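coords please:
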Amino acid sequence: MISREIVYFDTEGAANLDATIETVVKRLEDGDIRKIVVFTGTGEGVLKLLPKAKGYKIYAVTFTPNLPRRTVSAGVESPGILDTLDSNEVIVIQGNLPFEEIIIPEVRDPKTAAIECTFDTLSGGLSLCVQAVIMCTEAGGVLPGEDVIAMCADTAIIATGCHKSFLFSPFDGLEIREILCKPRKLTITRAHRYSEKG
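Here you go, the predicted structure:
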């Protein structure tokens with residue numbers, strides 16, 4: 001039996017980034033994980049993690065650059081950030097998120113929606129962590145079945161590498177082995193619940 005602490009934040013969002021990084025760094029002290037997969041839109045999380053995780057392989061996973069009509073832009077591709085990541089041997093993986101839908105007006109894929117909604121019951125960031133692991137595995141940075149830490153601004157987990165098509169496979173599917181930190185209240189994912197009107 002292993003007993004570990006889970007850190008719970010009172011709210012979701014980027015305000016928890018520093019505490020998420022501290023939680024990840026503390027877990028690295030156990031010495032059994034060598035790779036960190038960071039989902040990042042701006043590169044800030046990776047830049048803050050770098051000085052505290054020297055000697056670890058870090059992957060920055062982010063959105064496809066210049067995608068039309070995206071509500072969140074990927075700032076990782078700015079030259080200054082890319083140069084810093086490159087000089088610190090951080091591998092940047094950009095692409096469409098595995099759970100993103102093909103755009104068909106007024107149609108939503110129920111399978112994809114169900115997957116995202118299921119992860120969202122634990123944390124809006126959990127879906128981003130899982131998708132980052134899948135993208136990193138498909139890019140060859142993480143081996144299927146390999147334990148890695150995956151993190152975003154407010155959520156960090158230990159999960160096994162997995163290809164998208166095998167996500168739910170009983171043999172090769174992704175496993176979430178540990179939850180290191182997560183928001184206790186889903187103040188962004190379920191914002192209506194916490195709004196003044198709701």
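
only C-alpha atoms, please: export the lengthiest strand in the chain in CSV.
As assigned by DSSP state E, the longest strand anywhere in the chain is strand 176-183. Extracted in CSV, the C-alpha atoms of strand 176-183 (Å, rounded to 0.1, in the frame of the first residue of the first chain):
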residue,chain,number,x,y,z
ILE,A,176,-4.5,7.6,-14.2
ARG,A,177,-2.3,6.2,-11.5
GLU,A,178,-2.2,9.1,-9.1
ILE,A,179,-3.9,12.5,-8.7
LEU,A,180,-1.4,14.9,-7.3
CYS,A,181,-3.6,18.0,-7.2
LYS,A,182,-6.9,19.3,-8.6
PRO,A,183,-9.5,22.0,-7.9
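
pull the number of nearby residues for Arg34.
13 (other CB atoms under 10 Å). In this view, the C-beta of every residue, glycine as well, is placed from N, C-alpha and C.

report pLDDT for the residue nearest the centre of the chain.
With distances taken as CA atoms, centre = their mean, Cys129 lies nearest the centre of the chain, 2.4 Å away. Here the pLDDT value assigned to Cys129 is 98.

next one: the one 4 residues further on
pLDDT, the model's per-residue confidence, is 98 for Val133.

pull the number of nearby residues for it.
Counted with other CB under 10 Å, the neighbours of Val133 add up to 31.

all helices of this structure, in order?
Counting by DSSP state H, the chain has helices at residues 17-28, 44-49, 79-87, 110-120, 124-138, 191-194.

follow-up on the earlier one: list the pairing partners of the longest strand of the chain within its sheet, with orientation.
Applying DSSP bridges, strand 176-183 is found paired with strand 7-9 (parallel), strand 156-160 (antiparallel).
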